[in-house]
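Participant: Predicted model and sequence follow; I will ask about them next.
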Amino acid sequence: MSDTQLRDRTAEYSAARTDAGVADERTTDDEQTTEREALVCPECSGNVVADESRGETVCTDCGLVVDEDSIDRGPEWRAFDSAERDQKSRVGAPTTNLMHDKGLSTNIGWQNKDAYGNALSSRQREQMQRLRTWNERFRTRDSKERNLKQALGEIDRMASALGLPENVRETASVIYRRALGEDLLPGRSIEGVATAALYAAARQAGTPRSLDEIERVSRVEKMELTRTYRYVVRELKLEVEPADPTQYVPRFASDLDLSDEAERQARELLESAKRAAIHSGKSPVGLAAAAVYAAALLTNEKVTQNEVSEVADVSEVTIRNRYKELLEASDAGMPA
């Protein structure tokens, strides 16, 4: 092939690519124009919305029915309560970090019955038991998965005992998975890292629990918990803000059956203490307990120091000392 023919072929190829690119751009522009036209009313150029119950697309300004008999992409069945919806649904539960396999593996039920509800024979029961055993072995194939399964079970148990919500458990599970992935566990117990992850997750979610409360439901001592918590936060670079005493007030007020007025008064006392900077270096749990006790007295609600001490898990001496400091800060902050 001569140089002239080669140049001609190259020019033809470049022109073809240019024409194809222009055609693609025109197609894209046409599609975008069509989408924009579909989102506006052809009569008044108003906004259109889809009415799924009627299968229509209607203009919100002039009421014109732009499209009708649209395709219903939902299920073909109807349900009138949650139990019927669960029974008719053909999909599984959503994935969750609370399970070591995120809930994606098969689980063989413990009922020795077939699909029609009939009892299995003794030979079939033995076979199903062997299948359950092997299925459980396959679900945890290595030491890391067994480690994760044990830790997530501990997190769920402690969170249930402390009354922590689902989002805190999910966050704690993610923190533990990160610690396991970055090899932070050698030299530390599974229970210790799981407890530290739950403590950090509770503080991040704004529902903190004191170290004494965590220690009561955990299988590790307080010193090991604090040491492991500092290590996990430092290595994973977790953003955990200092505990705010006001975050403890709703729980203490609820446990003591105090009124909304008393809770509001306790928050105001803590805000006065922050402005006076007397909260620095003091336990937020003790400050919250003292604020709740002082607010109950100011609103003429009968609460003893012993009752507050049991709910907050702090000594009565701490409550008395912080109580005096809070009242002094409140008096100093009042206008003359």
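Facilitator: That came in fine, so what should we check first?
Participant: Buried ones in stretch 236-252, by neighbour count?
Facilitator: By 16 or more other CB atoms under 10 Å, the buried positions in stretch 236-252 come out as 236, 238, 243, 244, 245, 246, 247, 248, 249, 250, 251, 252. The way it works is simple: take the backbone N, C-alpha and C, and place the C-beta from them, glycine included.
Participant: Oops, could you answer that again for stretch 217-233 instead?
Facilitator: Of the residues in stretch 217-233, 217, 218, 220, 224, 225, 228, 229, 231, 232, 233 count as buried by neighbour count, 16+ other CB under 10 Å.
Participant: is it true that the fifth one touches residue 196?
Facilitator: Spelled out, it's residue 225. Yes: counting by CB atoms under 8 Å, residue 196 is a contact partner of residue 225 at 6.3 Å.
Participant: any idea which of the buried residues of stretch 217-233 is closest to residue 263?
Facilitator: Taking CB to CB as the measure, residue 263 lies nearest residue 217 of those, at 25.7 Å.
Participant: quick one: contacts for the closest one?
Facilitator: 157, 158, 161, 162 (CB atoms under 8 Å, 6 or more residues apart in numbering).
Participant: do the same with residue 70
Facilitator: When contacts are counted by CB under 8 Å, 6+ apart, residue 70 touches 50, 55, 56, 57.
Participant: Check residue 297 too.
Facilitator: Applying CB under 8 Å, 6+ apart to residue 297 gives the contacts residue 303.
Participant: does residue 53 count as helix, strand or coil?
Facilitator: Put simply, residue 53 is coil when judged by DSSP: H, G, I helix; E, B strand; the rest coil.
Participant: whoops, I mixed them up, residue 69
Facilitator: Put simply, residue 69 is coil when judged by three-state DSSP.
Participant: Count residues in the vicinity of the closest residue to it other than its chain neighbours, would you?
Facilitator: In space, and not counting its chain neighbours, residue 69 is closest to residue 55: 5.7 Å by CB to CB, 6 or more residues apart in numbering. Residues within reach of residue 55, counting by other CB atoms under 10 Å, total 13.
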